[in-house]
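Colleague: Okay, here's the prediction I keep looking at, along with the sequence it came from:
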Amino acid sequence: MKRIYNFSAGPSTLPVEVLEKAQKEMLDYNNSGMSVMEMSHRSSFYDDIHKEAKKDLIELMGLSDDYELLFLQGGGSTQFAMIPMNLLDKEDVASYLITGSWADKAYKEAKKFAKPEILASSKEDTYTYIPEIKEEEMDVNSKFLYLCVNNTIYGTRIAPEKIDKLTKPLVADISSNILSEKYDYNKFDLVFAGAQKNLGPAGVTIVALKKGLIKEAREDIPTMLSYKTHADKDSLYNTPPCYSIYITGLVAKWIKKMGGVEGIEAINKEKAKLLYDFIDNSKIFKNNIKVEDRSLMNVVFVTGNDELDAKFVKGAKEKGLENLKGHRTVGGMRASIYNAMPIEGVKALIDYMKDFERENR
């Protein structure tokens, strides 16, 4: 079996042992005589999968009993609309920290349903840093502060210690660094994550929110876009993305086996340090992100020459290092080194970068 190192920003690499288990159970899950892909979401077999995945995610996130965890569809982009639809009235204000394309899209979507404000933005510097979060500058009537905690395109993140200092109600997109390092998720009123970046395959979106928000949610919105609809039915109001939830549950088990979030965090910091240290000492590669705001998950870098960047990406592919081309809006390269990326993959990338540098400087 030939496996490449997949540095895609999403859908992204999954743990090999998770894929192997899924392969083993593909035709016959737990002596059911059928695949998870085939079974009814009302069956006892799937009910066990559903409940176990939910329980493990709540445990890994350290959520208190004040929170409900939902399995939804529509990706993170649907949450851009569901959040203001459920939590805001037409005249309500919410504050948005614009740290990249995804936060900007969320802000623009919120404008359709309420009156969001931009608290701060780093757009003028191509989102190369996280703006200072000055809660005292928020509108006094603001219902919450919206954050995108990790920015896949630009390679920035809001570090846990910055969030720990905040006191206002928080709503956050944690799609690309969920369970990658220790955050106190109980500081947030609502968090959401499309699973396909760091937790599972595409198709399921994790939403954890305070139960009080469900009770207060508006009732004049479409049934399928109401958090209450899904909370009341334990995310089984309609057919859920069963197979995606199944794989996400397997990944949660794998994270627990790796020492939980604390264990994964240590590995992720080691991987990121290896790669950033090489880039910082390189003669041709550069990372332009403010050091304290660098992402542990998405490492962006450039040579400063578009033709050389293209040559690097092409050569990487020949070495079995896939999906290193940067996002089309920024160019350059991007290595997404999510939880499931083994340290051997990062070392293989660095070895190739060393060879490339010798040949092209």
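Modeller: In hand now; what should we look at?
Colleague: Quickly list the domain ranges of the chain.
Modeller: Domains of the chain are assigned by automatic domain parsing as 17-257, 260-360.
Colleague: Figure out which of these is closest to Ile4.
Modeller: domain 260-360 (4.4 Å; CB to CB). All C-beta spots, glycine's among them, are computed from the backbone N, C-alpha and C.
Colleague: pLDDT of the closest one, averaged?
Modeller: Regarding domain 260-360, the rounded mean pLDDT is 96.
Colleague: And that domain, end to end?
Modeller: One end of domain 260-360 sits 41 Å from the other (CA to CA, to the nearest Å).
Colleague: what's the answer for stretch 93-102, then?
Modeller: 19 Å.
Colleague: And for stretch 129-139?
Modeller: 23 Å.
Colleague: The chain: helices as residue ranges?
Modeller: Using DSSP state H, the helices of the chain run over residues 16-24, 44-61, 75-87, 101-110, 160-164, 211-216, 227-232, 242-257, 260-280, 306-318, 343-360.
Colleague: where does the chain have low pLDDT?
Modeller: For the chain, the stretches flagged by pLDDT under 70 are 1.
Colleague: With respect to Ile130, which of the helices of the chain lies nearest?
Modeller: Closest among the helices of the chain, using CB to CB: helix 160-164, at 7.4 Å.
Colleague: Same list (the helices of the chain) but as TSV, adding mean neighbour count and distance to Lys197.
Modeller: As requested, those are exported to TSV (neighbours: other CB atoms under 10 Å; distance: least, CB to CB, whole Å):
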stretch	mean neighbour count	distance to Lys197
helix 16-24	14	15
helix 44-61	18	15
helix 75-87	22	9
helix 101-110	20	11
helix 160-164	13	18
helix 211-216	14	24
helix 227-232	20	21
helix 242-257	21	12
helix 260-280	17	13
helix 306-318	15	20
helix 343-360	16	16
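Colleague: doesn't Asn151 make contact with Val330?
Modeller: No - with contacts counted by CB atoms under 8 Å, Val330 stays clear of Asn151, the gap being 10.7 Å.
Colleague: more neighbours, these two?
Modeller: Under the neighbour definition other CB atoms under 10 Å, Val330 and Asn151 were set side by side, and Asn151 has more, 27 against 19.
Colleague: which residue packs closest to that one, ignoring adjacent ones?
Modeller: Sequence neighbours aside, Gly100 is the residue nearest to Asn151 in space, at 3.8 Å (criterion: CB to CB, 6 or more residues apart in numbering).
Colleague: how about that neighbour, phi and psi?
Modeller: The phi/psi pair for Gly100 (degrees, to the nearest 10) reads phi 170, psi -170.
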